[in-house]
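1. Kindly generate the corresponding structure for this input.
(chains A and B)
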Amino acid sequence: MTRPERRLPTNRELADLFQTIADYLAFDGATVYRVLAYEKAAETFREHALSVAEMARQGNLRSLPGIGETTEKKVAEYLETGTVGLLETLRARYPEGVLELMRLPGVGPKKARKLWEALGVADLATLEVAAEEGRVRDVPGMGVRTEQNLLAAMAARERRSGRQLLGVVEPQAWALVEALRSHQAIEATDYAGSLRRRRSTVRDIDLVVASRDPASVMAFFSARPELASVEQQGPTKLAARTHTELAVDLRVVPPESYGNLLQHFTGSADHNVALRGYAQRLGFKVSEYNVEETATGRRIVCRTEAQVYDTLGLPFIPPELREDRGELEAAREGRLPQLIELSDLRGDLHVHSDWSDGRATIQAMALAARERGLEYVCFCDHSRSLGMGKGLEPEQVLEQTEVIRHAQGEVEGIALLTGSEVDILADGRIDLPDEVLARLDFVTASIHSGFSQPEEQIMKRLAAAMENPNIHAIGHPTGRLLGRRDPYHVDVRGLVELAAKTGTILEINAAYHRLDLSATNARLARDHGVRLAINSDAHSPAGYDLLRFGVGEARRGWVEAGDVVNTLPLKELRSLLGHP
DNA sequence: GCCGTTTTCGGCCCGACTGTTTTCAGTCG
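-> Numbering: from 1, shown residues only, chains lettered A, B, ... in the order given. Coordinates of the predicted model:
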């Protein structure tokens, strides 16, 4: 008997499935820990670098943290039948629209449930009608304020999307931090949260402040012109929203507790849960104010974050690692990675000039690289297939190499390398002939078309490129555009294994809407001994500023300087590339 | 639902703010 071959669900699909079950269970009144278990499974699936469905097939799903017997069975059921019985039961019991209610700020499972039971509110549309007709205020436990807040939340929801790009949010966060630093009652301040952990997208700005005069800090900050509204304000805590629709949270503590506060609000939530569990076993209780010795009640306050970890017998854990992905164990065992720093980068192997779609000349790009302290830069302009006629024909590529050599004669203090960003065409061919590629210092191959091809076809294309001895690297290897386009169907493990076998470098493209490879994929590559390159993909002199985002993503992937080829001195890089 | 050099059962991180209540539940991070 043949079973119909079912397409394996993506990690994202499984994550969404478990998140939906979690939401339904919360609405149903399940214990919070059961709900959390489903949410944790969803998060684990969403972030995992390898195919979760494939792991389930092979029976080793339970090797993932937080995945137990029940979750494993539910995944198997989904693979087998295309659905999960528990979810169908819940769907039969409650309209799916009630889950939307819980996504409104200020509405959790309890309020959503009350609205549904008391008023028959089944989704946002019926809630809006009920609130406008003034019926919400009559629900026990709710009042006029609740009703108004719900209406405001629904109106605001239209304008607000979820997460914003790190590169968009960071400058705004810096502006707020700079403003706070100008206040004389503030002894220290930083942004914390996912921004400090360098997540590629962030939901809000968390600001932490050390001060002996919280009242004046609150008064000062709540009047900042960047804020469109202040939504919550107590003596030491404030929640606001910027004109750019970003949520801002501010917390103030005395300077002697600043380390505790910064640690607490840097998160991640998972890291803190794990850290507190660990602390508890050692006989300590960790809060945002201190570390308390449970037996004696003695409270240890920490001016710095390092002291928090030190009190628990741990070395400082860099924020980028705080995701509960093994950093506590590594810290305990003294094997935390020595993470790469921006200053480790000696060169940039992927920049564009006005020969293709860049906006600056070769000379201007060279000088800008030198200004930033780089020792070498490689021009990888697009080859001919790029749309709008901006790509270079083979003879133009050769002409450009001559121009670069000429420019080298006029610019001192930085080495100019010749290169190309060639297209891997839809049929796997490369759009420049090998004899041209062979004359370049460094060649990156990228996919810019045929994004919707099936995995097999995509992998064939990537394999053809990696097996070409004239191609050194794969550019933005999964093609994702954050918030706009999912990766094409690439088998990351296959990609990494082939890169290891062929010695192909995989790029971490530092443009903040790409960050591709992602941190989890970079970690997988690094664990397989694949060499990485962190490149800006700059299209203008300012584009070099993107490198810091690439370094952040790499650090989140446990990447060390030794994993990254453009930390090498030029001579060693050349010998690695086979151009002594 | 998950998990165990305290445990296979009984825990599971901890505190601030809001709104509706007269002492606290719900939500959030």
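2. tell me the pLDDT at the residue nearest the centre of chain A?
-> Closest to where the C-alpha atoms of chain A average out (CA atoms, centre = their mean) is A:S200, at 3.2 Å. We have a pLDDT of 94 for A:S200.
3. A:E43 too?
-> The per-residue pLDDT of A:E43 was computed as 85.
4. Surely it is in contact with A:D16?
-> No - in this structure, A:E43 is not within contact of A:D16 by CB atoms under 8 Å, at 11.6 Å. To be clear about C-beta, it is placed using only N, CA and C from the backbone, and glycine gets the same treatment.
5. who has more neighbours, these two?
-> Legend: neighbour count by other CB atoms under 10 Å for A:E43 and A:D16, higher for A:E43 (20 against 15).
6. where does the more buried one land in three-state SS?
-> Under DSSP: H, G, I helix; E, B strand; the rest coil, A:E43 falls in the helix class.
7. Who are the contact partners of it?
-> A:A15, A:D270 (CB atoms under 8 Å, 6 or more residues apart in numbering).
8. Distance of it relative to DNA strand B?
-> For A:E43, the distance to DNA strand B (CB to the nearest atom of the strand, to the nearest Å) stands at 12 Å.
9. cool, and A:A125?
-> Per CB to the nearest atom of the strand, A:A125 is found 19 Å from DNA strand B.
10. Check which residues of stretch A:215-233 are buried.
-> For stretch A:215-233, the neighbour count (16 or more other CB atoms under 10 Å) marks A:V217, A:M218, A:F220, A:F221, A:R224, A:E226, A:L227, A:V230, A:E231 as buried.
11. quick check, nearest of those residues to DNA strand B?
-> Nearest to DNA strand B among the buried residues of stretch A:215-233: A:E231, at 7.5 Å, using CB to the nearest atom of the strand.
12. What values do phi and psi take at the closest one?
-> phi -100, psi -30 (degrees, to the nearest 10).
13. Nearest to DNA strand B: which residue in the stretch 151-300 of chain A?
-> A:G234 (2.4 Å).
14. which residues does the residue nearest to the centre of chain A contact?
-> A:S200 touches A:L165, A:L166, A:L482, A:Y512, A:L515, A:S518, A:A519, A:F549, A:E553, counting by CB under 8 Å, 6+ apart.
15. on that earlier part again, of the buried residues of stretch A:215-233, which belong to helices?
-> A:V217, A:M218, A:F220, A:F221 (DSSP state H).
16. I'd assumed A:V209 was in contact with the first one.
-> Looking back up the chat, that one is A:V217. Yes - at 5.7 Å, A:V217 counts as touching A:V209 under the criterion of CB under 8 Å.
17. what do those two both touch?
-> Contacts common to A:V217 and A:V209, judged by CB under 8 Å, 6+ apart, are A:L180, A:I186, A:L250, A:V252.
18. Who are the packing partners of the helix or strand hosting the first one?
-> For A:L180, the element it lies in under DSSP states H and E is helix A:166-181. Using 3 or more CB pairs under 8 Å, 6 or more residues apart in numbering; DSSP states H and E as the contact criterion, the neighbours of helix A:166-181 among helices and strands are strand A:186-191, helix A:193-196, strand A:201-202, strand A:204-211, helix A:214-222, helix A:547-556.
19. on that earlier part again, would you check which pair of the ones in helices among the buried residues of stretch A:215-233 lies furthest apart?
-> Spanning the widest gap among these are A:M218 and A:F220, at 7.3 Å by CB to CB.
20. Please dump the helices and strands packed on helix A:166-181 into JSON lines; it should also carry distance to DNA strand B for every row.
-> As requested, the helices and strands packed on helix A:166-181 are arranged in JSON lines below (distance: least, CB to the nearest atom of the strand, whole Å):
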{"stretch": "strand A:186-191", "distance to DNA strand B": "12"}
{"stretch": "helix A:193-196", "distance to DNA strand B": "6"}
{"stretch": "strand A:201-202", "distance to DNA strand B": "11"}
{"stretch": "strand A:204-211", "distance to DNA strand B": "6"}
{"stretch": "helix A:214-222", "distance to DNA strand B": "8"}
{"stretch": "helix A:547-556", "distance to DNA strand B": "19"}
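21. Many thanks, I have nothing further to ask.
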